[in-house]
Structures are given as C-alpha cells and as structure tokens.
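1. Based on what follows, work out the 3D shape:
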Amino acid sequence: MLSATLIAALAGSSAAATLSNKPPASALRLRGGNIEQIATGLAYASSAFILLPAGRDIVSYKTCILPGEDTTRPLMNPSNPKAETVMWGIWGLNHCFITLLKLMAIRARDKPMLQMLFWVTAATFGYCATQNPVVAEEGGDLTGFVAVCAVQTASIGYLAFA
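-> Coordinates of the predicted model:
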C-alpha cells in the first residue's frame, strides 16, 4: 500500500487527510459549529414546532395558527360535527406523544430510538410531499409541513445513522 506521504504528494494533502484514520477536526466544522450540533438544533426545532399545531388540535382544533390553514383545515374535517372534536383531539394527542418521544431521544442521544423514529418521520415526509398536489387541487397547501418534515427527516436521520 502507498504511504501517506506518497499519497499526499500524488493527490494533495486533503485527499491524504480523507484517507487517514483520524479526520482533522476542521473537516467536521461548518460555519462555527459541527454537523452534529447543527443537526441536533434542527431536530429540536422541527420536532418542537409540531407541538404548536398538535397541541392546538387538542384544545381548539378550529383555530388557525399557521399560514394556509384557513383553506387546508376544512378539507380535513370529518362530516359529523360530534366526531370532529374527538378526531382532531386524537390526531393532536398522537402527534404530541410522537414529538415528545423524538425530543427525549434527541436529548438522550438514543440511536436505536432515533432510528425507529426516523422511519416514522421519513414516512410522514413522503406522504405529505406526495399528497400535497392532491390537497392543492382542492385549494389547500401542505408546503409548510413538507418543509418542516424534510428538515426533521434529515436531522433525525443524521443523528440516528451518523
């Protein structure tokens, strides 16, 4: 095998650093913070954000707090007014508990739990992304949720598998 010195001479020092067993600390830096810190911050922010609409769904599902909800929420309502309160409450409660699991796993750096939650997050992102055009045909918009779910999927995925 070629020595590190020969590799450095042939391919440049950055290629040799890539091939060495210990990457330089600067390779992990990205504008003042390392990638894990950035992913952790994004995972916390995108997960905690979901508590806003999910918590609202439990206590006041008719209240629109996010852009575009005035047109999207009516498309999601059951036809029976009595069932509507129960269904929105269950929906919100489920999202709150999944979010709490994500926040606890991020804090504990629990890779097995983050790996499981990654698949839930990725499926949610995929479903929102593929179904946004269907909702848009009826005048709704899931673009905000697609964006939040994309950030959440990428950041939790990094923390789970890196």
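2. Can you list the helices and strands that the helix or strand where Phe49 lies packs against?
-> Assigned by DSSP states H and E, Phe49 belongs to helix 35-59. Counting contacts by 3 or more C-beta pairs under 8 Å, 6 or more residues apart in numbering; DSSP states H and E, helix 35-59 packs against helix 81-108, helix 143-161. Using the backbone N, CA and C atoms, a C-beta is placed for each residue, glycine as well.
3. So which of those helices is the most surrounded?
-> Neighbour counts (mean count of other C-beta atoms under 10 Å) averaged over each of the helices and strands packed on helix 35-59 peak at helix 143-161, with a mean of 20.
4. Residue ranges in this protein under the pLDDT threshold?
-> In the predicted model of the chain, residues 1-33 satisfy pLDDT under 70.
5. Surely Thr85 touches Lys62?
-> No: using C-beta atoms under 8 Å, Thr85 is not in contact with Lys62; the gap is 9.3 Å.
6. what angle do the helix holding Phe49 and helix 143-161 make?
-> 130 degrees (axes from the mean of the first three to the mean of the last three C-alpha atoms, to 10 degrees).
7. my guess is Glu138 meets Leu75, correct?
-> Yes: with contact defined as C-beta under 8 Å, Glu138 counts as touching Leu75 (5.3 Å).
8. Give the residues shared as contacts by the two.
-> The overlap between the contact sets of Glu138 and Leu75 (C-beta atoms under 8 Å, 6 or more residues apart in numbering) is empty.
9. List phi and psi for Ile65.
-> Per-residue torsions, Ile65: phi -120, psi -10 (degrees, to the nearest 10).
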